[in-house]
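Novice: Sequence and predicted structure are below.
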Amino acid sequence: MTKYIVQRILSLIPILLVVAVVVFMLIHLTPGDPASVILGDEASEEAIAQLRAQLGLDLPLYQQFISWFGGVVTGDLGQSIFMDMSVAEAFFSRVPPTLSLAILAQIFAVIIALFLGVIAARKRGTLADQAVMGFSLLGISVPSFLLGLFLILFFAVKLQWLPVAGYQPLSSGLWNHLRYLLLPAIALGAMQAALIARMTRSSLIEVLSEQYIKTARAKGLKERIVVYKHALKNAFIPILTVIGETFGTLITGASVIETVFNVPGIGQLIIRSIERRDFAVIQGSILLITVTYVLLNLLIDLLYGLLDPRVKLNRR
Amino acid sequence: MSQTPLLEVKNLITTFATDDGTVNAVDGVSFQVYPEETVGIVGESGCGKSVTAESILRLFDETTTRYDGEIRFAGQDLLQLSEEKMRNVRGNDISIIFQDPMSSLNPVYTIGDQIIEAITLHQKVSSGQARDRAVELLRLTGISDPETRLRAYPHELSGGMRQRVMIALALSCEPRLLIADEPTTALDVTIQAQILELMNGLKDRLRMGIMLITHDLSVVAQMCSRVIVMYLGEVIEETDVVTLFDHPLHPYTMGLLQSVPNMEGQRKEKLYEIKGSVPAMQDVAHCCRFAPRCPFATDVCRSEPPVLEEAANGHRVRCWHFKEIAESRGEGDAFSYIGYEA
Amino acid sequence: MMSEVKLAADAAVPPKRGALKWRRYITSPLLMTGTVLVALVSLAALMAPWIASHDPYALEAMNRLKAPSPEHIFGTDNFGRDVFSRVLYGMRVSLLVGAAVTLIAGMIGLVVGLLSAYYALCDHILMRICDGLYAFPSILLAISIVAIMGPRTSNVIIALSIVYIPSIARIVRSAALVVKEKTYIEGLRAQGAGPVRIIALHILPNVLSPLIIQASFIFAVSILTEASLSFLGAGIPAPAPSLGNLLLDGKNVIFNAWWMTVFPGICIILMILGLNLMGDGLRDFLDPKMKKKHVFRKKQTQGIDRSEPK
């Protein structure tokens, strides 16, 4: 098993390379350059050229890439062009808000979706089922930022129960911290919840028609136990797949949600950096996010192994 | 028989609601199972034998299924019991084993977990005691090295072993009646024999009744003392096993018997088959249900459904012409009569 | 990506015949609701120049941030522009972008998918590129591309097309591979049929169903992404109206002018909902086998829909 984990981590490197190349090319093919953005429209040609040299922007592309990627592999992600700090510092200082947001959104999505999905599966064909399906359809049809705006309108502006925007770190108290993240988390998690609910329903419906469920009932077990103990564990594998795949959407959506709710997280960082052409930050952030993705996928694959004893991890 | 029956099914009708209307998968079936006897229920696929079995334990979704009639067991009518009381009966007083042991066991739990669950559900024992009992059960069903096997997952066992596990599971609370729905159909022939032998031995040891459902007449010959033949949701013949093989009275039964390839005797030219195929349950008309395929069918057969009549002591049959058939047979070879060509 | 996750599996289905299909189309509630919604929205958008009550760019300083009234049925924005007219024109842009992206990504994705399925070399190269693109969060990728090329409607279309080509290519490739593995293709090759003929006449028809279904989801998701982009300021450039733009304007005055958020919002939802309904309906309609994919189980006498037993 450890061998398997090591293998997977090692496979990170070629993926990283590909992503690094793509990101680098994407950004450096730009017709605008940071030097002139930093110095402004009034700047003279020499000033710009000087800043470019200073930043190493006048070297040939492949050289820039090698020096950057070389740094990456040894742990140095470079300096932010705009902010007075290293890329690593800029990134990791902004991880906590995004992390809190993503975790909250994920918890919310999974709990609500599993609950709704189970109801829909058990009461298949009834009004309850159709209601759940209707909600889930709505969930994937509303862009998360729009949901965020509507939530703000309703809960913050009309009812004034929750703050409109902003962020309070965990250090200022748990409830305070959560107050600011509640609406963003709901807006972020809604689409995921919809997708998970759908998958839960269909997976559970299939499992419930399996022979071993009949055996469980024939033993004399209560229906609740049959569903939650016997059926759900089997149904969970495709559900886990959906959770894994949509977690990516969470990260994407976090960027936009952080903008709506003014949460100083990674999403906001990346978007601002793209606007300002802060190459170093963009490259470093996207790379780090990709690493996170891959590690997450690894985690999910390990979870498969735990859930289903038939899965053999070594054979990949 | 002077004993009281262990299980008495009286005019059971099981109705399903489908997209095309309602269907009576079981349409007025009655029979008894006495203690310590093995009753066989025989018929082709679709005749309603599995539905009968599962109806006894009320395993169908009661929002789309309706049961009529009476099922008497231990002085109670199972069809009138509350769901809670019914759960007490399932796995406890009456157990069932299914055809395919691979899909009948939950793949994500060890067999130990599954057996122990069945034990602790109906009996107040500590987990240690339950575990010991599980080991004992596995040993009882002929599984070697039971302590280790407790920790095995279903997919790690062979088909024969899995079926033994299913039997162990079913017997965990010493039921008085075991329903076995095609227990050996999915197994190799050699394993079949072992499982059947096991079941017989256990029946005597635990003094159970067995209701054995099968389409395989050789299994019937080995195991059963009495046989019930079903066709399209109805019982069409019922008698003890010897009479069934020697003097069957219903044309369908005779057809079934004749279709069994004979190892001894002369080699016939063709393998006999009953003409036609089993129609869908929805398509039954007001007549004898076997009439479309019956070589002896006459006008009365095609216009009026026959009732189940007592032909001889303990031998019941549902056919307008069974008397003529019996008479035309006389002595000698059971197959030498008009209508069926070899 | 969301749209891929929705598509559970691909199945090769032989193409069906015409008239019966038409009747089934009309009687499928999902499909009809979706189609009606989409048709209504499209009609409104197309008729925008005629039904818009005002010029979407006209500023009326005196009428800023006015609530909905008979004259301005959706109210006015922070520049005094009529929200109703801007919403209509915004829907136009959304539909334009959606349609364009779907067409472009659809065609290129089709070609890429078919080539990858048929030629192993193409498969390695093209699929690596697609995987790389796919690994990116789509919003970030789109923003990057627009940032590189400059904020213009055409660039938004190009960016989104690039983002969604991989998802179409994958579906096409899967469906094509299923057909390709079938032995009759071998037979055709043995007879001397050329690749173009095989691809066009035999593989293509089986790929069309999943392609169309996926395309409808791509339409929906590209409208969504375009709105997000414009909302972030990295999409359709102001002052051109886009539903995302309008929401951005509305966000700043959300305390005073709820109409700037509610009306554009509802229109986006209707559009995307309609398209999703169409997609779901199309999937049930074109590939009913997809729902009940796992058929090899013992004959069941249960598992039935609810209908009252008499």
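Specialist: Sure thing, it's come through. Residues are numbered from 1 along each chain as shown, chains lettered A, B, ... in the order given.
Novice: What ranges does the stretch 51-200 of chain B have for its strands?
Specialist: B:65-73, B:76-77, B:94-97, B:177-181 (DSSP state E, counting those that start in this stretch).
Novice: distance of A:Q54 from A:F82?
Specialist: 14 Å (Cβ to Cβ, to the nearest Å). Using the backbone N, CA and C atoms, a C-beta is placed for each residue, glycine as well.
Novice: what about these two, which has more around it?
Specialist: A:F82 (17 against 10; other Cβ atoms under 10 Å in any protein chain shown).
Novice: Next one, pLDDT for that one please.
Specialist: As predicted, A:F82 sits at a pLDDT of 74.
Novice: do you know how far it is from chain C?
Specialist: 15 Å (Cβ to the nearest Cβ, to the nearest Å).
Novice: So, low pLDDT: which residues of the stretch 1-150 of chain A?
Specialist: Along the stretch 1-150 of chain A, segments meeting pLDDT under 70 span A:1, A:12, A:26-27, A:29-43, A:55-56.
Novice: What segments of it are helices?
Specialist: In the stretch 1-150 of chain A, the helices defined using DSSP state H, counting those that start in this stretch lie at A:2-10, A:12-28, A:34-39, A:45-55, A:61-73, A:87-93, A:95-122, A:127-141, A:144-151.
Novice: so which of those helices comes closest to B:S126?
Specialist: helix A:95-122 (32.1 Å; Cβ to Cβ).
Novice: Does chain B have contacts with the closest one?
Specialist: No: Helix A:95-122 does not reach chain B (Cβ under 8 Å from any Cβ of the partner chain); its nearest approach is 10.6 Å.
Novice: how far away is the closest residue to chain C within the stretch 101-250 of chain B from chain A?
Specialist: Chain C sits closest to B:S103 of the stretch 101-250 of chain B, with a gap of 8.0 Å, by Cβ to the nearest Cβ. Remark: distance between B:S103 and chain A (Cβ to the nearest Cβ) = 4 Å.
Novice: check contacts around the most centrally placed residue in chain C.
Specialist: Residue closest to the average C-alpha location in chain C (Cα atoms, centre = their mean): C:F219, at 1.4 Å. Listed by Cβ atoms under 8 Å, 6 or more residues apart in numbering or on different chains, the contact partners of C:F219 are C:G98, C:A99, C:V101, C:T102, C:L275.
Novice: For the residue nearest the centre of chain A, which non-adjacent residue is spatially closest?
Specialist: For chain A, the residue nearest the mean C-alpha position is A:I251 (2.4 Å; Cα atoms, centre = their mean). Nearest residue to A:I251, sequence neighbours excluded (Cβ to Cβ, 6 or more residues apart in numbering or on different chains): C:P137, at 5.7 Å.
Novice: Widest-spaced pair of the contacts of C:F219?
Specialist: Longest span within the contacts of C:F219, Cβ to Cβ: C:V101 and C:L275, 12.4 Å.
Novice: How about the biggest helix by length in chain A and chain C, any contact?
Specialist: Taking DSSP state H as the criterion, chain A has its longest helix at helix A:174-208. Yes: using Cβ under 8 Å from any Cβ, we find that helix A:174-208 touches chain C at A:M191, A:L195, A:R198, A:S202, A:E206.
Novice: Type out the ChimeraX command that picks the buried ones from the contacts of C:F219.
Specialist: Here is the ChimeraX selection string for the buried members of these, based on 16 or more other Cβ atoms under 10 Å in any protein chain shown:
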select /C:98,101,102,275
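Novice: just the contacts of C:F219 now: which is nearest B:R162?
Specialist: Among the contacts of C:F219, and counting by Cβ to Cβ, the member closest to B:R162 is C:L275, at 48.6 Å.
Novice: Could you measure from the closest one over to C:V38?
Specialist: C:L275 is 6 Å from C:V38, by Cβ to Cβ.
Novice: Without its sequence neighbours, what residue ends up closest to A:L298?
Specialist: A:R8 (4.9 Å).
Novice: Contact partners for the one you found?
Specialist: A:V294, A:L298, A:D301.
Novice: would you turn these into TSV with secondary structure?
Specialist: Formatted as TSV, the contacts of A:R8 follow (DSSP: H, G, I helix; E, B strand; the rest coil):
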residue	secondary structure
A:V294	helix
A:L298	helix
A:D301	helix
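Novice: Quick one: the residues you listed as JSON lines, columns for neighbour count and pLDDT too.
Specialist: Listed next are the contacts of A:R8 as JSON lines, based on neighbours: other Cβ atoms under 10 Å in any protein chain shown; pLDDT from 0 to 100:
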{"residue": "A:V294", "neighbour count": "17", "pLDDT": "72"}
{"residue": "A:L298", "neighbour count": "17", "pLDDT": "76"}
{"residue": "A:D301", "neighbour count": "17", "pLDDT": "78"}
